[in-house]
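J.: need a structure here:
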Amino acid sequence: SSGINAETGLIAPAERRLSVWQAAWEVDENKLKCWLSFPGPAFSPGGTPQPSFDRLPPSLAVFSPLERDTLLYTGYGMYQEVIFYNFISKTTTRKLSLAHWAVSMVVVPGSNLLVIGTHDRLVTILDYTSGTFQDYVAHCGEVGVVSYWEGKGVVVSGSGSALALWKLRV
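T.: Numbers count the residues shown, from 1 in each chain. Presented below is the predicted three-dimensional model:
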């Protein structure tokens, strides 16, 4: 049966595990639809042994607005990439390489655009159907928050105490 609807949710903790849940509020029940673990190296991005998860890029996941039952995942793994995973067929359908580790991510509803904030002060707008992207520098530090203001067509990015607004023309 089809998996994504208004009652479907994602949980993505730091240790590269991801769960997809289906809520049935009328019977006060939540069902686990899918549990995923993504492989990762035993060393940090700088090459030192990995003592804990506190300084690694976070696990991030969103549902694709264009590909039913597909989620987009990125996190600290073997490669800097976005993984497209269909949780009904339980297969990775494709991967897109990233130039930088993602620390925040949002998908623009009704489009094929993914907005990624990086540790390297960049906001990346990625067309995830073609793989093309554009990087923008607007912050003095890690871009820990990206969000989409749907009514205005604006991406909001944040770093420390600074916010930037980006008007998207889709």
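J.: Only alpha carbons, please: show stretch 142-157 as PDB.
T.: C-alpha atoms of stretch 142-157 as PDB (Å, rounded to 0.1, in the frame of the first residue of the first chain):
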ATOM      1  CA  GLU A 142      27.900  27.100   9.900                       C
ATOM      2  CA  VAL A 143      24.400  27.400   8.300                       C
ATOM      3  CA  GLY A 144      22.600  25.400  10.900                       C
ATOM      4  CA  VAL A 145      19.000  26.200   9.800                       C
ATOM      5  CA  VAL A 146      17.300  26.400   6.400                       C
ATOM      6  CA  SER A 147      13.600  26.700   6.000                       C
ATOM      7  CA  TYR A 148      11.100  27.600   3.300                       C
ATOM      8  CA  TRP A 149       8.500  30.200   3.700                       C
ATOM      9  CA  GLU A 150       5.900  28.800   1.400                       C
ATOM     10  CA  GLY A 151       3.500  31.700   1.200                       C
ATOM     11  CA  LYS A 152       6.300  34.100   0.100                       C
ATOM     12  CA  GLY A 153       8.500  31.800  -1.900                       C
ATOM     13  CA  VAL A 154      11.400  32.600   0.300                       C
ATOM     14  CA  VAL A 155      14.200  30.500   1.800                       C
ATOM     15  CA  VAL A 156      15.300  31.500   5.300                       C
ATOM     16  CA  SER A 157      18.900  30.500   6.400                       C
END
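J.: Rounded mean pLDDT for that stretch, please.
T.: Mean pLDDT, computed over stretch 142-157, is 92.
J.: Tell me the buried residues in that stretch?
T.: Neighbour counts over stretch 142-157 (16 or more other Cβ atoms under 10 Å) mark 142-144, 146, 148, 155-157 as buried. Any C-beta I mention is one placed from the backbone N, CA and C, and that applies to glycine too.
J.: what's the spacing between the residue of the chain positioned farthest from its centre and E7?
T.: In terms of distance from the mean C-alpha position of the chain, V27 ranks first, at 30.7 Å (Cα atoms, centre = their mean). For V27, the distance to E7 (Cβ to Cβ, to the nearest Å) stands at 12 Å.
J.: how close does the residue nearest to L66 when sequence neighbours are not counted sit to K90?
T.: Closest residue to L66 apart from its sequence neighbours, by Cβ to Cβ, 6 or more residues apart in numbering: N112 at 5.9 Å. Per Cβ to Cβ, N112 is found 23 Å from K90.
J.: again, but for W25
T.: From W25 across to K90, the span is 26 Å (Cβ to Cβ).
J.: Would you mind measuring from the nearest residue to I88 once chain neighbours are set aside to F84?
T.: In space, and not counting its chain neighbours, I88 is closest to D69: 4.4 Å by Cβ to Cβ, 6+ apart. For D69, the distance to F84 (Cβ to Cβ) stands at 11 Å.
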